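1. Only the shape, not the letters, is given here:
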């Protein structure tokens, strides 16, 4: 596998809160970082008298974050930031975490769990979106 350069990556998400599977390749403006964390939960199945723990895998879980500069003039950021902050319940979005422009992306559905906006006098207004996966995660 050839090395990947992060400068070509981006995140995109469905503008609908329905959690549909159709997506977009529209890049939210000024989003310059994303991360994906995956885990497998384990059940301890150690028998009495055993000298070592034994585990079996159970369910998988994943989370994602995206961050950059807040740009409410961007339709893509507006749909997440404004809608996400106005709702009383979490909103499910289809997410696409692109490793580069043409191919190679992680796909899954996720709930928007938090939005953090920060502002400093001598810097840009930053934003971080956090998501909790609600479906399987696929790489295509």
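-> Yes, it's here. Bear in mind that the values here come from a model prediction, so they are computed numbers and not experimental data.
2. continuing past the strand or helix carrying residue 94, what's the next helix or strand?
-> Here residue 94 sits within strand 92-98, counting by DSSP states H and E. Note on strand 92-98: by DSSP H and E, the next helix or strand toward the C-terminus is strand 105-119.
3. This structure: strands as residue ranges?
-> 10-13, 31-44, 55-69, 92-98, 105-119, 125-133, 138-139 (DSSP state E).
4. Residue 75 is nearest to which of those strands?
-> strand 10-13 (11.7 Å; C-beta to C-beta). Using the backbone N, CA and C atoms, a C-beta is placed for each residue, glycine as well.
5. Relative to the whole chain's centre, how far out is the closest one?
-> Centroid displacement of strand 10-13 relative to its chain, using C-alpha atoms, centre = their mean, to the nearest Å, is 9 Å.
6. And the average pLDDT for it is what?
-> Average pLDDT, strand 10-13: 79.
7. helices or strands next to that strand in the packing?
-> Contact here means 3 or more C-beta pairs under 8 Å, 6 or more residues apart in numbering; DSSP states H and E; on that basis strand 10-13 packs against strand 31-44, helix 75-86, strand 92-98.
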